[in-house]
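Novice: Could you work out the structure for the sequence below:
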Amino acid sequence: MERKGFLGGSDAVRIMNGDWHQLWLEKTGRVEPEDLSDNFAVQMGVMSEPFNLQWFYKNYTMLSAFDSKFCEFISGFFRGHVDGLIHTDDNNYAGIECKHTHQFNTMNKQLVRYMPQLQFYLYLMGERYTHSRVDGMYFSNIFGNNRWECVHVAPDYEYQKEVITECSKFWQFVTEDKEPEDREGQFEPEKKIDAIAIDKLVAKDMNGNNYFSELSAKYIKQESSAKEFEETKKEIKTLIGEQEREVYNDKISLKKDKRGAIRITIKGESDE
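Specialist: Modelled structure (predicted):
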């Protein structure tokens, strides 16, 4: 696919990751983009996308799909193509983005990596349908060959503004034919997604909360003592609010699953 002359969702990921110089070389025609036709992982993702969508609709039977011709969105030099487009229960619009990753990956890592692309698409959808009618993006992931997970990602206008602003700055280098430097490390994706509602819940950094820090240290220390451990476990769970999907500090994380159950993880014991 010819990718010069516009910026797409995968370009937004590269821009927010600071990969400006190589992308500029590609967009100005100085070098050819990497040929992914023989990339096994990429081509597996392409081939598994129809099944991924089929499995999504099998699990979300209440959602009605649009014809695929409506899945492309263009606004100026921005262009995006979602893998699926649906009407929600309240007749708003939502997109579907499909990914196929390795079996040891986690949804959290996928969200951090692809959030610029997801919010880029949500911005373009909002330009067509007005932002108030865009419900979000369903992020459908196949992990290896035995696990499927899907989460709903809400639009976040502050995040979108930052992505679109950075993409516009990059595009100015292309139009003016000025060589940019890489900007690696200037965007902190892990911190940025905390405020974005995933399945209608946000995350909260509790590193500055002394009470949470005290309880988390106590939780770790008392883990071997069953009675005290269970009491601390019960008490610390009260610190996660109804509208929060996760609270955490640098020692411990409390995270809700889709059923509302709270899982506690000591940092270092899990990569999630």
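
Novice: What count of nearby residues applies to D83?
Specialist: Neighbourhood size, D83 [other Cβ atoms under 10 Å]: 20. (C-beta placed from N, C-alpha, C; glycine too.)

Novice: and if you look at the one 3 residues further on?
Specialist: I86 is flanked by 20 other residues according to other Cβ under 10 Å.

Novice: I'd assumed it was in a helix, is it?
Specialist: No. Read with DSSP: H, G, I helix; E, B strand; the rest coil, I86 is strand and lies in no helix.

Novice: per-residue pLDDT, it?
Specialist: Looking at I86, its pLDDT stands at 92.

Novice: and if you look at the one 4 residues further on?
Specialist: Among the per-residue scores, D90 shows a pLDDT of 84.

Novice: residues in contact with it?
Specialist: D135 (Cβ atoms under 8 Å, 6 or more residues apart in numbering).

Novice: so where's the stretch 151-272 of the chain shaky on pLDDT?
Specialist: 189-191, 269-272 (pLDDT under 70).

Novice: nope, the stretch 1-150 of the chain is what I meant
Specialist: 1-3.

Novice: Show me where it has its helices.
Specialist: Secondary structure of the stretch 1-150 of the chain (DSSP state H, counting those that start in this stretch): helices at 9-16, 20-27, 40-59, 107-129.

Novice: ok, M107 touching W148?
Specialist: No. Using Cβ atoms under 8 Å, M107 is not in contact with W148, being 10.6 Å away.

Novice: Which residues are in contact with each of those two?
Specialist: What both M107 and W148 touch, as defined by Cβ under 8 Å, 6+ apart, is the set N141.

Novice: Which residues in stretch 244-255 does the neighbour count mark as buried?
Specialist: Of all the residues in stretch 244-255, those buried under the rule 16 or more other Cβ atoms under 10 Å are 244-249, 251-255.
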